[in-house]
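*Asks:* Sequence first, predicted model second:
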Amino acid sequence: MIRRDLRQLADTRFDLVVIGGGLFGACAAWDAAQRGLSVALIERGDFSAGTSAHSYKVVHGGIRYLQHGDIYRVRQSSNERRAFLRIAPHLVHPMPIVIPTFGRGWSGKTVLRAGLHAYDLLTIDRNAGVGNIARHIPRARILGRDEARQMFPNLIRSDATGAGVFADGQYQNPPRLVWAVVESAITNGAVAANYLEATNFIRRGNAVTGVTVQDRIDGEQFDIQATVVINAAGPYAEPLLARNGLQLTPAGTYSRDACFVVPRRMLPGDHALALMTATRDPDAKLSRGARHLFIAPWREYTLIGTWHRVQRPGSLDILVSDDELSRFVADANAACPELSLTLEDVSVRNSGLVPFGENEEGAEDLRYGHRSELIDHSTVHGCENLITLIGVRLTTARFEAKRAVDLAFRKRGHRPPPARTDSTPVTGGDFDDWTGLVAEVEAATAPHCSGNVALSLAHHYGCSYRKVLDEPGEHPQGVIERSSTIRAQVYRAARAEMALTLEDVVLRRTDLATGEYPGRPALTECAAILAAELGWSSEETDRQIADVVARFPSWEISRVDS
């Protein structure tokens, strides 16, 4: 059983402490543990509670960087997409994307055909080592006008001359991917804990020798000793450095990236649709013109985004107001009037902070961040054994984590052994036949559960699904109301996945509330299980339910509970 063991963290001197339990930090902990280091992984909130959970769910293959002439990033992104398709086949799958073409210039079929052909050549090894053919990225292709309009009736403009089709990857459930990586790290010997905030670095002379932490559950403070510290806390990395007198110059620029969920499929089939907007990419050397707004199928929902807002220096505010959301809905309708969206069509608004490029105040055509930052503080601040990793794209988390762990080995005076995280399956990912796995889960859950439940279990747990079905509890295979989540998942989250709140369960260990408000009966049922497992009072149980309800717009709550 995986448990939150703070005493082990306090009583052990580790080779490495990783601060930050998003995908970057989780990958660093897994990589380091797999290569033989003793590792502690700590997260101030819950694992994947920040940007990792609230992204647009795309595993980028690098096609956008072709416009920038950045061949390195094209290759890197394609390689990392391939790695995730290989190591997490239950949680990452190909997603075809359609880009309409117009006229005969830069927005026409000829230019797009040439670009897609170049992309295919640059990523010719995109499926190497991906044994599951269902997870292969196909070659790009061009559609004629009639075929494109038949694919998306009423959604592609009448003056379209056709469309290009390429594929990227899509995360089925980012928090489950992060947890699978965390569990893989723990299986390899790492010690991990959520709700444990790093407040200060422990210093001996000019070297960092560990971190002081505070348990955000009971307020206890203690030290974790380590030879090397990797600060992978995302947007919280710089405030932690600043508290310790290690300001970065210049301070990082961040964007609050936002998208929203519509609780139904708005597109036929499994293809996403890219629509032109009014803004441009000023860094593009070869551009079709405007940037794109994407409408993508995701599970039984539709994702629409992404919008960017440059944050004030030091601001960690990521909330999307109703007024902003109204503007986003209007933008989507302007790009495609046939959507006819209203504010009440939105069930979830997602947002997170990512590093951004340098932009003048009020700029509309924004420059994106291009490179993750790996900072060796011995060269920047004269502070030994401290590394900061601030990642740009989730797609490259495994690769950037590898770079950070390589540096950690060198800090310890050792040559880094080869990393194996690009080919070693995460927990649940060691299978080849996706269709066969789903059939196996269906057989194991029949006659208690529907095919939707079996499919959800296969996606969440992969070949480790039996751990959930074997979880003891009262009718553990019973289904939570209006969902494909079974009670055994809630039991397991509390007993073996470090879930400490109702939000942890319904937003991250399961997909119960990731796409829409699940309804008060479902929340009450989950909360009752957790109250019995975690010892909550009736007042605490009510507070936990209220915290989840507060995350959803009022119109969504009224729609479901009325």
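*Replies:* Sure thing, it's come through.
*Asks:* Provide the count of other residues in contact range of residue 292.
*Replies:* Neighbour count of residue 292, defined by other C-beta atoms under 10 Å: 20. Quick note: C-beta positions are derived from backbone N, CA and C, even for glycine.
*Asks:* can you pull the contacts of it?
*Replies:* Residue 292 sits next to 99, 274-277 when contact means C-beta atoms under 8 Å, 6 or more residues apart in numbering.
*Asks:* do residue 214 as well
*Replies:* 196-197, 199, 220-221.
*Asks:* what about the stretch 401-550 of the chain, any weak spots by pLDDT?
*Replies:* Under the criterion pLDDT under 70, the flagged ranges of the stretch 401-550 of the chain are 474-476.
*Asks:* same thing but 80
*Replies:* 448, 473-477 (pLDDT under 80).
*Asks:* Helices along that one, start to end?
*Replies:* 434-445, 451-461, 465-469, 487-496, 502-503, 520-534, 538-549 (DSSP state H, counting those that start in this stretch).
*Asks:* got TSV for these, with mean neighbour count too?
*Replies:* Shown next, in TSV, are the helices of the stretch 401-550 of the chain (neighbours: other C-beta atoms under 10 Å):
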stretch	mean neighbour count
helix 434-445	16
helix 451-461	21
helix 465-469	18
helix 487-496	22
helix 502-503	23
helix 520-534	19
helix 538-549	15
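*Asks:* can you list the weak-confidence ranges in the chain?
*Replies:* For the chain, the ranges with pLDDT under 80 are 1, 105-106, 155, 276-291, 311-317, 356-371, 448, 473-477.
*Asks:* dump the residue contacts of the residue nearest in space to the middle of the chain.
*Replies:* In the chain, the C-alpha nearest the mean C-alpha coordinate belongs to residue 52, at 3.4 Å (C-alpha atoms, centre = their mean). Residue 52 sits next to 22-23, 174-175, 178, 352, 394 when contact means C-beta under 8 Å, 6+ apart.
*Asks:* Among those, which ones are in strands?
*Replies:* Within the contacts of residue 52, residues falling in strands by DSSP state E are residue 352.
*Asks:* Hmm, residue 44 is touching residue 237, no?
*Replies:* No: using C-beta atoms under 8 Å, residue 44 is not in contact with residue 237, being 11.2 Å away.
*Asks:* How about the secondary structure of the closest residue to residue 256 other than its chain neighbours?
*Replies:* Nearest residue to residue 256, sequence neighbours excluded (C-beta to C-beta, 6 or more residues apart in numbering): residue 309, at 4.7 Å. Assigned by DSSP: H, G, I helix; E, B strand; the rest coil, the conformation of residue 309 is strand.
*Asks:* hey, where'd the strands end up in the stretch 251-400 of the chain?
*Replies:* Assigned by DSSP state E, counting those that start in this stretch, the strands in the stretch 251-400 of the chain fall at 254-262, 272-280, 290-298, 301-310, 348-355, 373-376, 386-390.
*Asks:* List the strands paired with the last one, with their directions.
*Replies:* Yep, that's strand 386-390 we're talking about. strand 221-231 (parallel), strand 373-376 (antiparallel) (DSSP bridges).
*Asks:* What of the fifth one?
*Replies:* Applying DSSP bridges, strand 348-355 is found paired with strand 254-262 (antiparallel).
*Asks:* Format the CA atom coordinates belonging to the strand it pairs with as PDB.
*Replies:* In PDB, the C-alpha atoms belonging to strand 254-262 read as follows (Å, rounded to 0.1, in the frame of the first residue of the first chain):
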ATOM      1  CA  TYR A 254       4.000  33.700 -17.200                       C
ATOM      2  CA  SER A 255       0.800  33.300 -19.100                       C
ATOM      3  CA  ARG A 256      -2.500  32.200 -17.700                       C
ATOM      4  CA  ASP A 257      -3.600  29.700 -20.300                       C
ATOM      5  CA  ALA A 258      -7.300  29.000 -20.300                       C
ATOM      6  CA  CYS A 259      -9.700  26.700 -22.100                       C
ATOM      7  CA  PHE A 260     -13.300  25.500 -21.300                       C
ATOM      8  CA  VAL A 261     -15.300  22.300 -21.500                       C
ATOM      9  CA  VAL A 262     -18.700  21.800 -23.000                       C
END
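*Asks:* chain center to that strand: distance?
*Replies:* Relative to the chain's own centre, strand 254-262 is displaced by 12 Å; criterion: C-alpha atoms, centre = their mean, to the nearest Å.
*Asks:* Give the buried residues for it.
*Replies:* Within strand 254-262, the residues that qualify as buried are 254-262, counting by 16 or more other C-beta atoms under 10 Å.
*Asks:* so which of those would you say is closest to residue 189?
*Replies:* Nearest to residue 189 out of the buried residues of strand 254-262 is residue 254 (C-beta to C-beta; 33.7 Å).
*Asks:* Now do the same contact list for that closest one.
*Replies:* 235, 310-311, 315, 353-356.
*Asks:* Separate out the buried members of these.
*Replies:* Buried subset of the contacts of residue 254 (neighbour count, 16+ other C-beta under 10 Å): 235, 310-311, 353-356.
*Asks:* Okay, domains of the protein per the record?
*Replies:* 6-51+175-252+371-411, 58-171+253-355, 434-561 (automatic domain parsing).
*Asks:* Tabulate the ones you listed (a markdown table), appending distance to residue 422.
*Replies:* Listed next are the domains of the chain as a markdown table, based on distance: least, C-beta to C-beta, whole Å:
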| stretch | distance to residue 422 |
| --- | --- |
| domain 6-51+175-252+371-411 | 7 |
| domain 58-171+253-355 | 4 |
| domain 434-561 | 18 |
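*Asks:* any idea which of those domains is most buried?
*Replies:* domain 6-51+175-252+371-411 (a mean of 22; mean count of other C-beta atoms under 10 Å).
*Asks:* Residue 245 versus residue 405, what's the distance?
*Replies:* Noted for residue 405: a distance of 26 Å to residue 245, by C-beta to C-beta, to the nearest Å.
*Asks:* hang on, residue 392 packs against residue 399?
*Replies:* No: in this structure, residue 392 is not within contact of residue 399 by C-beta under 8 Å, at 11.4 Å.
*Asks:* who touches both of these two?
*Replies:* The overlap between the contact sets of residue 392 and residue 399 (C-beta under 8 Å, 6+ apart) is empty.
*Asks:* Right, I'll leave it there.
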